[in-house]
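Trainee: Task: produce atomic coordinates for the following.
(2 chains)
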Amino acid sequence: GESVGLHLPTLSVQEGDNSIINCAYSNSASDYFIWYKQESGKGPQFIIDIRSNMDKRQGQRVTVLLNKTVKHLSLQIAATQPGDSAVYFCADRGGADGLTFGKGTHLIIQP
Amino acid sequence: DAGVIQSPRHEVTEMGQEVTLRCKPISGHDYLFWYRQTMMRGLELLIYFNNNVPIDDSGMPEDRFSAKMPNASFSTLKIQPSEPRDSAVYFCASSGPLASGRLLDTQYFGPGTRLTVL
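Mentor: Down below sits the predicted model:
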């Protein structure tokens, strides 16, 4: 079946550098995408979302880019900090109200 | 607001026992979701409610799982009888009227219940 997936399970970056986490989706009916951050022992926490009629959306230190042509979603984190260490999930909503989550990317910040 | 509240935070039980997980959504939210998270399968949607009514339970693994929402401030997920393969972290999430800055209803997750079935 169709699903949301992530390219890399682990991403290691230097503190202060920018991070880019990628996500591929296959459901052409998906009209809403969301990024969550999950720290160890906690529930997923909302980061940023984007609708399918948008290409880019910016938040505080984060930017989400959507390329509908290749069904690709990315999360950019500027000036990565130690507190950004977590697992990042992309998810999509393909018409129903529930979200379909990818497996997650573990972001590791090197000092 | 206290956010989504789940109890217990940890549950250890023996195979065959009944397990009940509890959730209190954020006040004013009209959607409630139950998810299960494992290393192998990631986050899976089990069931969700709208205005206390179950809308989609297609993610519930089997008849051993059941969920109820007797009122707008409380929901339970029950497993009877429990099996070792049910071991996972179970999350409850809620969403409601559009919040400032959000495009659509954002789901707010609780801290989860870590279930271990021996």
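Trainee: How about the residues of chain A by chain B?
Mentor: By the rule C-beta under 8 Å from any C-beta of the partner chain, the part of chain A lying against chain B is A:32, A:34, A:36, A:41-46, A:49-51, A:89, A:91, A:93, A:96-104. From N, CA and C alone the C-beta is placed, and that goes for glycine too.
Trainee: and if we set it to 6 Å?
Mentor: Contact residues, chain A versus chain B (C-beta under 6 Å from any C-beta of the partner chain): A:32, A:43-44, A:46, A:49, A:51, A:98, A:101, A:103.
Trainee: need the contact list for the residue nearest the centre of chain B.
Mentor: For chain B, the residue nearest the mean C-alpha position is B:Trp34 (2.8 Å; C-alpha atoms, centre = their mean). Applying C-beta atoms under 6 Å, 6 or more residues apart in numbering or on different chains to B:Trp34 gives the contacts B:46-47, B:67, B:77, B:92.
Trainee: Tell me what it is bridged to.
Mentor: B:Ile47, B:Cys92 (DSSP bridges).
Trainee: Could you report the neighbour count for the nearest residue in space to B:Leu118 that is not next to it in sequence?
Mentor: Leaving aside its chain neighbours, B:Leu118 sits nearest to B:Glu14 (5.2 Å; criterion: C-beta to C-beta, 6 or more residues apart in numbering or on different chains). Here the number of neighbours of B:Glu14 (other C-beta atoms under 10 Å in any protein chain shown) works out to 11.
Trainee: Pop out the phi and psi values for B:Glu14.
Mentor: When read as degrees, to the nearest 10, the backbone of B:Glu14 gives phi -100, psi 150.
Trainee: Settle this for me: it is touching B:Ser87, isn't it.
Mentor: No - in this structure, B:Glu14 is not within contact of B:Ser87 by C-beta atoms under 6 Å, at 11.8 Å.
Trainee: can you tell me how far the residue of chain B found nearest chain A sits from A:Ser12?
Mentor: Residue of chain B nearest chain A, by C-beta to the nearest C-beta: B:Phe109 (3.4 Å). As defined by C-beta to C-beta, to the nearest Å, B:Phe109 lies at a distance of 26 Å from A:Ser12.
Trainee: Could you check which of the two is surrounded by more residues?
Mentor: Taking other C-beta under 10 Å, B:Phe109 and A:Ser12 do not tie; B:Phe109 has more neighbours (22 against 10).
Trainee: tell me the pLDDT at B:Arg85?
Mentor: With respect to pLDDT, B:Arg85 has a value of 95.
Trainee: What of the one 4 residues further on?
Mentor: The score at B:Val89 is 96. That number is its pLDDT.
Trainee: Now do it: how many residues are near it, please.
Mentor: The number of residues packed near B:Val89 is 18, by other C-beta under 10 Å.
Trainee: what sits against residue 80?
Mentor: You didn't say which chain, so I picked chain A. A:13, A:17, A:19, A:109.
Trainee: Oops, wrong one, chain B.
Mentor: For B:Gln80, the contact set (C-beta under 6 Å, 6+ apart) comprises B:Glu18.
Trainee: show me where pLDDT drops low in chain A?
Mentor: Confidence mapping of chain A against pLDDT under 70 gives the ranges A:1-8, A:95-97.
Trainee: Please consider this matter closed, and thank you.
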